[in-house]
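Participant: Build me a structure from this.
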Amino acid sequence: MAAYYLGETLPSFTPFIASAIPFPLALLIDRLRGRPGIRPESRRNPVTQLFMRFITVIAFLIPFVVIAAQEAASLDLLILGLAILAGLVWVPHGWGANDPAGFVHFVMRAVLCYAAYLLAPEAVRGAAIAGAAALTYVYAIVAMKRPGRA
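Facilitator: Residues are numbered from 1 along each chain as shown. Here you go, the predicted model:
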């Protein structure tokens with residue numbers, strides 16, 4: 001939405017902020033639910049380490065997507081790249097939780113985003129990609145194991 005309203009005045013660092021928002025948001029949701037969030041002993045947990053390394057890898061890949069989108073002069077390519085990269089964090093999350101929903105979420109997200117990029121009319125392509133990514137969250141919410149019920 002920011003890209004729609006700000007157009008060319010959208011700061012170039014916005015993709016970095018937008019892709020990082022889910023992590024502090026998840027911590028906030030944990031706090032609101034009365035859960036401790038990340039504890040100091042979690043730093044030694046190999047699953048937490050894998051997850052954080054995955055986030056770091058994605059952070060290093062985002063500039064590649066930004067540069068490719070600038071070279072191609074395509075905002076849709078930026079949206080596609082960020083949507084797919086943001087979905088990658090579901091892979092270690094699902095693996096760590098022993099839940100196939102994380103990997104399925106990523107594959108579904110990538111396929112739907114590519115389909116939206118290739119099939120949607122140019123005027124709505126960016127919105128279609130974002131909608132495809134958002135749709136996969138519905139799957140994740142329904143399919144993922146709940147703590148205590150897994």
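Participant: biggest helix in this structure by residues?
Facilitator: helix 46-72 (DSSP state H).
Participant: average pLDDT for stretch 82-89?
Facilitator: The average pLDDT for stretch 82-89 rounds to 89.
Participant: and for it, what are the contacting residues?
Facilitator: Contact partners of stretch 82-89, identified using C-beta atoms under 8 Å, 6 or more residues apart in numbering, comprise 15, 18-19, 22, 51, 54-55, 57-58, 61-62, 65, 105-106, 109-110, 113-114, 129-130, 132-133, 136. Heads up, the C-betas are built off the backbone N, CA and C, glycines and all.
Participant: What helix or strand is the residue nearest the centre of the chain located in?
Facilitator: In the chain, the residue lying closest to the centroid (C-alpha atoms, centre = their mean) is residue 86, at 2.4 Å. Assessed by DSSP states H and E, residue 86 sits inside helix 75-87.
Participant: Likewise for residue 128?
Facilitator: Assigned by DSSP H and E, residue 128 falls in helix 125-143.
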